[in-house]
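Enquirer: Sequence first, predicted coordinates after that:
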Amino acid sequence: MRTPNDLELVHLTKRYGDTVAVKDINHVFANGTYVCLLGPSGCGKSTTLRMIAGHESVSDGSILLDGQDISRLPPAQRGTAMMFQSYALFPHLSVRDNVAFSLKMKGIDKTARYKAADDMLALVDMGHLAERLPAQLSGGQQQRVALARALVTKPRVLLLDEPLSALDPFLRIRVRGELKRLQRELGISFIHVTHGQDEALALADEVVVMNNAVIEQAGTARDVFGAPRTEFVARFMGGHNVIDLNGGRFALRADDVKLADSGHAATVSVVEYQGDRVAVTSKLGETEVLALVPEAEFYANPKNPGDAVGLAWDEGRLHRLLA
Ligand SMILES: Nc1ncnc2c1ncn2[C@@H]1O[C@H](COP(=O)(O)OP(=O)(O)OP(=O)(O)O)[C@@H](O)[C@H]1O
């Protein structure tokens, strides 16, 4: 069912000469959803996002927002806003002026645009630093200013291109929590491009996995992780084994593989301690099978490389792959 402010991609295609960067994509991003566009380098994520934003022209197909074709409108008239990876703040403007800039371009008077900028800075917890220049801010603070600057135009869809990639791992986890909170508070859609599986699983209401210019699978984070449709998705999401059995190819979650005395006879090849669990890789014929074993369970009966081991799983946990 369609709701107002759904964003729809219809046969969306982008060609650069002989390269097809995005190939005939059809998808509806439901209003008020946190979407992560996930995929390996070069799969077409950023091109898709830039076409939605209007920073890249469309070769074929169209982009509809709330039923209206926005694919030929200039970026500022689309109802979308983009936050760039590099933040792209103006170095000579204060934080407040950076946030108010697009409103100035629209001819909004100073009192009104400063009020709007201050409201957005308060939303991202940066009100106290409104007078500073970008160079006087940390990376995380610059990122919040960039976010306030994108949100000040009151977009119906916020587009984020690898927004966390410049942050250190600790800050990345904190800021991603803030992004999610902000999206819930504002109730608009966020479309967030990432190549981090963990990031997508942590944030997204809907994960859209791209590969080779097409959407390979889309669904809730649990659906995509729990029921990958293809070998590519199973391998790319990680945490799965891909094994051939009885003429079929199956995904089997590594945390569903048990080390047992009976079962499929294998030989342990690598043991990695990971804190809360131990990653045990074994050779089952020519196939490497990963088992993620809870720490206490592993140390109750520890294994070493070269040990014979039985691999067991519940048949119901095997998930047949389509390709
Ligand atoms: N301006 C351009 N001219 C020619 N080819 C381009 C251009 N921009 C992107 N491409 C090509 O289009 C394909 C998709 O690129 P895109 O940047 O969308 O990938 P991506 O999934 O965002 O990758 P990354 O994670 O590395 O940013 C790639 O093969 C890329 O080389």
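Expert: Alright, I've got the coordinates. Fair warning: this is a prediction, and the values are worked out from it, not measured in the lab.
Enquirer: from here on, contacts and neighbour counts on C-alpha atoms
Expert: Noted.
Enquirer: how much space is there between Arg174 and Ala218?
Expert: With distances defined as C-alpha to C-alpha, to the nearest Å, the gap from Arg174 to Ala218 amounts to 26 Å.
Enquirer: Revised request: answer the last question for Phe170.
Expert: Between Phe170 and Ala218 the distance, using C-alpha to C-alpha, works out to 28 Å.
Enquirer: what helices or strands is the biggest helix by length in the chain leaning on?
Expert: When the chain is scanned for its longest helix (criterion: DSSP state H), the result is helix 169-186. Using 3 or more C-alpha pairs under 8 Å, 6 or more residues apart in numbering; DSSP states H and E as the contact definition, the elements that helix 169-186 packs against are helix 197-203.
Enquirer: got the buried residues for the helix it packs on?
Expert: Using 16 or more other C-alpha atoms under 10 Å as the burial criterion, the residues of helix 197-203 that qualify are 197, 199-201, 203.
Enquirer: where along this protein do the helices fall?
Expert: Assigned helices in the chain, in chain order: 45-53, 95-105, 110-123, 139-151, 169-186, 197-203, 221-226, 231-237, 295-300 (criterion: DSSP H).
Enquirer: The longest one vs helix 139-151, what angle?
Expert: Using axes from the mean of the first three to the mean of the last three C-alpha atoms, to 10 degrees, one finds that helix 169-186 and helix 139-151 are set 20 degrees apart in direction.
Enquirer: any idea of the angle helix 169-186 forms with helix 110-123?
Expert: Taking the same axes, to 10 degrees, one finds helix 169-186 and helix 110-123 inclined to each other by 120 degrees.
Enquirer: Looking at Arg174 and Ala218, which is more packed in?
Expert: The residue with the greater number of neighbours, taking Arg174 and Ala218 and applying other C-alpha atoms under 10 Å, is Ala218; the counts read 20 against 11.
Enquirer: The ligand contacts on this structure?
Expert: When proximity is defined by C-alpha under 6 Å from any ligand atom, the chain lies next to the ligand at 16, 21, 40-47.
Enquirer: Swap in 5 Å and give it another go.
Expert: Where the chain comes near the ligand, counting by C-alpha under 5 Å from any ligand atom, the residues are 16, 21, 41-47.
Enquirer: buried subset of those residues?
Expert: For the residues of the chain next to the ligand, a neighbour count by 16+ other C-alpha under 10 Å gives the buried set as 21, 43-47.
Enquirer: closest point of the stretch 101-250 of the chain to the ligand, which residue?
Expert: In the stretch 101-250 of the chain, the residue that lies nearest the ligand is His195 (6.1 Å; C-alpha to the nearest ligand atom).
Enquirer: For Met83, give its distance to the ligand.
Expert: Using C-alpha to the nearest ligand atom, to the nearest Å, Met83 is found at 14 Å from the ligand.
Enquirer: Does the closest residue to that residue other than its chain neighbours have any beta-bridge partners, and if so which?
Expert: By the measure of C-alpha to C-alpha, 6 or more residues apart in numbering, the closest residue to Met83 outside its immediate chain neighbours is Leu160, 4.9 Å from it. Per DSSP bridges, the residues bridged to Leu160 are Met83, His192.
Enquirer: Renumber starting at 19 from here on
Expert: Okay, residue one is now 19; in that scheme the one you just asked about reads as Leu178.
Enquirer: Do you know the pLDDT at Leu178?
Expert: Reported pLDDT at Leu178 in the predicted model: 95.
Enquirer: So what's the residue count around it?
Expert: By other C-alpha under 10 Å, the residues close to Leu178 number 24.
Enquirer: next one: Pro22
Expert: Residues lying near Pro22 (other C-alpha under 10 Å) number 11.
Enquirer: check contacts around it.
Expert: Neighbour list for Pro22: 49, 84 [criterion: C-alpha atoms under 8 Å, 6 or more residues apart in numbering].
Enquirer: could the helices of the chain be laid out in TSV, adding mean pLDDT?
Expert: Written out in TSV, the entries for those read as follows (pLDDT from 0 to 100):
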stretch	mean pLDDT
helix 63-71	96
helix 113-123	93
helix 128-141	94
helix 157-169	89
helix 187-204	89
helix 215-221	93
helix 239-244	94
helix 249-255	95
helix 313-318	96
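Enquirer: isn't Asp42 right next to Arg33, touching?
Expert: No - checked against C-alpha atoms under 8 Å, the pair Asp42 and Arg33 is beyond contact range at 10.6 Å.
Enquirer: low-scoring stretches of the stretch 219-341 of the chain, by residue?
Expert: Low-confidence regions of the stretch 219-341 of the chain, defined by pLDDT under 70, are absent; no residue qualifies.
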